[in-house]
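Asker: just to be clear, the model below is a prediction. Sequence and coordinates:
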Amino acid sequence: MLTVEHVTKRFKHNAVIEDATLAFSTGVTGLIAPNGAGKSTLLKMLATLTFPTEGRICWNGEDIHAMGERYRAVLGYLPQQFGYYPSYTPRAFLRYVGALQRMGKRDIARGTDELLELVGLGDAADRRMREFSGGMIQRIGIATALLADPQILILDEPTAGLDPRERVRFRNIIHGLAQERTVVLSTHIVSDIEAIAGQIVFIQGGHVQAYPGSAELCAELAGMIFEMPVHAELPSACQVLGERERDGRTVLRLYAKQKPEGACVVSPTLEDAFLVRYREGR
């Protein structure tokens, strides 16, 4: 169990995270917030790259900063931008990372081959990474975070640069890994975590709030999400969430506390919950 206990993080006089208390158990926790809300700051504290101003973070009841290398030995971390050597091949780079982590040669060799297959780069294992697309580089980053078979996996915007097919592959990988691990990930692509996250965490104004999955969040909006023709007259007390094509015509997706004339009720999604929450400032 990874726990955050009354953690506050300040930069000068600005509290980015304020009195946060969270618990991360086995499974996937999805971290959702706009840019600048504190997602990366929270992940960096979980990865011991920065320290709380107040409070503490514990792994199985022990302060992670007191644990030092023992904690980092069970941790896999993928930042938004990770460093790599373009002249290296994926196989050489993963072996280099394994050596830095003091892994045994047999474990490095076995883990490298398995992970490159897992992320769909087995056929490109000996190509120079300077030839790779951004999505391929991101998949190398995911493999790097998994190399030491961590018990805790922290991923900051891991699907950035991945095409839809790669994102499906990533979701399947994470869902499988989370059966026996604690996985914490942040993303702007809400659909990437809607189906796999057992816990959703919002950050707003420095305050952190956790929900047990997307169902509870969507239930809060039941009967308040609508669709109606794009040229219809909109009531003032509604929020336009977007527009889409349905049956050959464009419709608006709306949030309103009362049903607008001519609108039909539709099922809420996690993306609706995100848009409503950060528009209303709740």
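Answerer: Happy to help now that I have it.

Asker: now residue 77, what's its secondary structure?
Answerer: Put simply, residue 77 is strand when judged by DSSP: H, G, I helix; E, B strand; the rest coil.

Asker: from residue 131, how far out is it?
Answerer: Distance, residue 77 to residue 131, using CB to CB, to the nearest Å: 26 Å. The C-beta positions use only the backbone N, C-alpha and C, and glycine is treated the same way.

Asker: over to residue 9?
Answerer: Residue 9 is 40 Å from residue 131, by CB to CB.

Asker: neighbour count: those two, which is higher?
Answerer: residue 9 (22 against 10; other CB atoms under 10 Å).

Asker: quick check: closest non-adjacent residue to the more buried one.
Answerer: residue 17 (4.3 Å; CB to CB, 6 or more residues apart in numbering).

Asker: pLDDT score assigned to the one you found?
Answerer: We have a pLDDT of 94 for residue 17.

Asker: and the contacts of the least confident helix or strand in the chain by mean pLDDT?
Answerer: Least confident helix or strand of the chain, by mean pLDDT, DSSP states H and E, is helix 191-194 with a mean of 80. Identification of contacts with helix 191-194 by CB atoms under 8 Å, 6 or more residues apart in numbering yields 28, 30, 32, 159, 167, 170-171, 185, 187, 200, 214, 269-271.

Asker: how many neighbouring residues does residue 149 have?
Answerer: 15.

Asker: ok, it - contacts?
Answerer: residue 111.

Asker: just to be sure, it is in a strand?
Answerer: No. According to three-state DSSP, residue 149 belongs to no strand; its state is coil.

Asker: that one and residue 94, how far apart?
Answerer: Look at residue 149 and residue 94: by CB to CB, they are 13 Å apart.

Asker: same thing with residue 5?
Answerer: On the measure of CB to CB, residue 5 and residue 94 end up 35 Å apart.

Asker: higher neighbour count, those two?
Answerer: Taking neighbours as other CB under 10 Å, residue 5 and residue 94 compare with residue 94 leading, 24 against 16.

Asker: element containing the more buried one?
Answerer: For residue 94, the enclosing helix or strand under DSSP states H and E is helix 90-100.

Asker: all the strands of the stretch 101-250 of the chain, in order from the start?
Answerer: Using DSSP state E, counting those that start in this stretch, the strands of the stretch 101-250 of the chain run over residues 152-156, 182-186, 199-204, 207-211, 225-229, 239-246, 249-255.

Asker: a markdown table for the ones you listed, including distance to residue 55?
Answerer: A markdown table is the format used below for the strands of the stretch 101-250 of the chain (distance: least, CB to CB, whole Å):
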| stretch | distance to residue 55 |
| --- | --- |
| strand 152-156 | 18 |
| strand 182-186 | 17 |
| strand 199-204 | 15 |
| strand 207-211 | 12 |
| strand 225-229 | 37 |
| strand 239-246 | 35 |
| strand 249-255 | 35 |
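
Asker: could I get the ones you listed as TSV with distance to residue 107 and mean neighbour count?
Answerer: Formatted as TSV, the strands of the stretch 101-250 of the chain follow (distance: least, CB to CB, whole Å; neighbours: other CB atoms under 10 Å):
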stretch	distance to residue 107	mean neighbour count
strand 152-156	18	23
strand 182-186	21	24
strand 199-204	31	21
strand 207-211	35	17
strand 225-229	49	18
strand 239-246	47	13
strand 249-255	49	18
